[in-house]
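Student: Dropping a prediction and its sequence here:
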Amino acid sequence: MNENGTPAQPAEPERQERTTLEGVVYYLGILLRYRVLIISLTVLAAIASVSYSIVSLRLPPERSPLPNRYQAQATLLMGEDVTQGGMDAILESLGMTVPGRGGATPGRLALQVLNSRSFLDNVIERADMVEHYGMHETSQTRRRQRVLGRAGFNYSAATGVLAISYVDIDPEYARHVVDSIVAELSDWYRVRGGLTRGRTLESLQEALAEVEREVTVLENQIRAFQQRYGVLTVEELAGAQAAIIRDLEAELVGLERSIRTYSERTRIENDPELIRLRSERDTVLALIAQIESGYSGGDRMMPARSELPELALRLRRLQADLAIQQRIRTSLQEQYEIARLSAANRPAFTVLEPAETPEEKIGPSRGDLCIRATLGGFAAGVALAFAHYSLKTMAANPKLMSIVKRS
């Protein structure tokens, strides 16, 4: 009571709390009023789900509406080509495109193969899926989709491990399908040679042929140079030229001395001996000048002395290019033999764990099904209770019914 004698109003938080509590009690009263309906639907859903689970478990798998599913799995270790890196570097250094690279790995290649249409068709035929599933009237596209829907292909790039699995209601047939997929993958690699290795071998053969042609061209150029100048090296040519000039200069000195001596003994200007000596001197001088300026005679030639450094540089370049090409040829031959032996003797993958007949099912979980069905029955009972109460309340209110009738 306040000072005026009127009842005191409750505080605002207390009134809100009372209103919330009244609402909860109100709705609980509705649920209690319809408890028989709610409990009946919950029990009915539980009984139905348990009965459904028992029936699906007792019936044969091919007739059961909810059969057990089994998963068979095989684990493969995809082989990595240890020589691939060296071959890639050599091929790229030669300006050739490395086939099948650009981030590709054997595992990713295997995934592409496993999901290809031709591969799936071969697996369907090998595992006799058309007869097993009765897919005689089914299109080939739907057959492939059925295989992909039941199969699983997981590749780990970090470990290089490829897991192949298949799910079926028959555990023995699930193992048979996994074995068929592994066998078909092995046949694919054996027939096509791993594709990447095969194309790498072809590229190595092309590179070897190109290097052989380059070596032949350089050898012919060096051989033509040597035949043209009649020596093996420019140093020999320069030495021979210097020796010839020294001999001619020595002969020229002797002729000059003879001419001087003979001129002192005779006063006849047209003396035949003096004329001969002078003629020989002029011939030697002309020959020295010719050797120094270069000359050609027949198939061989003598280059000018000033051209010798350039000729030496050109010959050294030819010989250096030939040495490089020969080293590349040797390396390519080694890599080719290693790759050929690897492609012939090394399998594309190793079966770490072969598929075995699974003993435990992977699904379905009938316990979860029963729990969900029971909760669904309870929720349906609650929803029906509130719906019936709402309709009953509306029917008891003439004003609301008139609005419903008008609408």
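Tutor: Received it, and whenever you're ready, just let me know what you need. Numbering: from 1, shown residues only.
Student: any low-confidence regions in the stretch 251-400 of the chain?
Tutor: 259, 262, 264, 266-270, 288, 290-309, 311, 342-347, 400 (pLDDT under 70).
Student: those strands in it, which residues are they?
Tutor: 295-297, 300-302, 349-353 (DSSP state E, counting those that start in this stretch).
Student: now the stretch 51-200 of the chain
Tutor: Under DSSP E, counting those that start in this stretch, the stretch 51-200 of the chain gives strands at 70-78, 151-156, 161-168.
Student: I'd like to know which of these is closest to residue 251.
Tutor: Between residue 251 and the strands of the stretch 51-200 of the chain, the tightest spacing by C-beta to C-beta is seen for strand 70-78, at 81.3 Å. (Each C-beta comes from the backbone N, C-alpha and C, glycine too.)
Student: partner strands of the closest one, parallel or antiparallel?
Tutor: Looking at strand 70-78 with DSSP bridges, its partner strands are strand 161-168 (antiparallel), strand 349-353 (antiparallel).
Student: mind checking the longest helix of the protein?
Tutor: helix 308-345 (DSSP state H).
Student: ok now that helix, how far from the chain's centre?
Tutor: With C-alpha atoms, centre = their mean, to the nearest Å as the basis, helix 308-345 stands 30 Å off its chain's centre.
Student: for it, packing partners?
Tutor: helix 84-93, helix 196-229, helix 234-265 (3 or more C-beta pairs under 8 Å, 6 or more residues apart in numbering; DSSP states H and E).
Student: what angle separates it from helix 196-229?
Tutor: 150 degrees (axes from the mean of the first three to the mean of the last three C-alpha atoms, to 10 degrees).
Student: one step back: which one of the strands of the stretch 51-200 of the chain lies nearest to residue 283?
Tutor: strand 70-78 (83.0 Å).
Student: and the closest one, average pLDDT?
Tutor: The average pLDDT within strand 70-78 is 94.
Student: Also stretch 53-62?
Tutor: Stretch 53-62 comes out at a mean pLDDT of 84.
Student: what comes into contact with it?
Tutor: Here stretch 53-62 makes contact (C-beta atoms under 8 Å, 6 or more residues apart in numbering) with 64-68, 169-170, 366, 369-370.
Student: Let me know the closest of these to residue 184.
Tutor: residue 170 (19.7 Å).
Student: roughly how far apart are that closest one and residue 131?
Tutor: Distance of residue 170 to residue 131, computed by C-beta to C-beta, to the nearest Å: 13 Å.
Student: who's more crowded, the two?
Tutor: residue 170 (17 against 9; other C-beta atoms under 10 Å).
Student: Setting aside sequence-adjacent positions, which residue approaches the more buried one most closely?
Tutor: residue 61 (6.7 Å; C-beta to C-beta, 6 or more residues apart in numbering).
Student: Show me which residues of stretch 119-139 are buried.
Tutor: 119-120, 122-124, 126-127, 129, 133 (16 or more other C-beta atoms under 10 Å).
Student: ah, wrong one, I meant stretch 355-363
Tutor: Those would be 355, 358, for stretch 355-363 by 16+ other C-beta under 10 Å.
Student: Okay, now that stretch: how far is its last residue from its first?
Tutor: Its start and end residues considered, stretch 355-363 measures 19 Å (C-alpha to C-alpha, to the nearest Å).
Student: Can you flag the weakest of the helices and strands packed on helix 308-345 by average pLDDT?
Tutor: Across these, the lowest-scoring stretch is helix 84-93, with a mean of 48.
Student: okay, now the closest residue in space to residue 120 that isn't next to it in sequence: neighbour count?
Tutor: Excluding the flanking residues, the one nearest residue 120 by C-beta to C-beta, 6+ apart is residue 144, at 4.6 Å. The number of residues packed around residue 144, counting by other C-beta under 10 Å, is 18.
Student: show me what contacts residue 144?
Tutor: Residue 144 sits next to 117, 120-121, 124 when contact means C-beta under 8 Å, 6+ apart.
Student: Show me the two of those that sit farthest apart.
Tutor: 117 and 124 (10.6 Å).
Student: Can you tell me how far the residue lying closest to residue 113 once chain neighbours are set aside is from residue 176?
Tutor: With sequence-adjacent residues excluded and distances taken as C-beta to C-beta, 6+ apart, residue 113 is closest to residue 119, at 5.4 Å. From residue 119 across to residue 176, the span is 17 Å (C-beta to C-beta).
Student: How is this protein partitioned into domains?
Tutor: 24-63+378-406, 70-194+348-353, 227-330 (automatic domain parsing).
Student: Check the ones you listed for me and report the most buried one.
Tutor: domain 70-194+348-353 (a mean of 16; mean count of other C-beta atoms under 10 Å).
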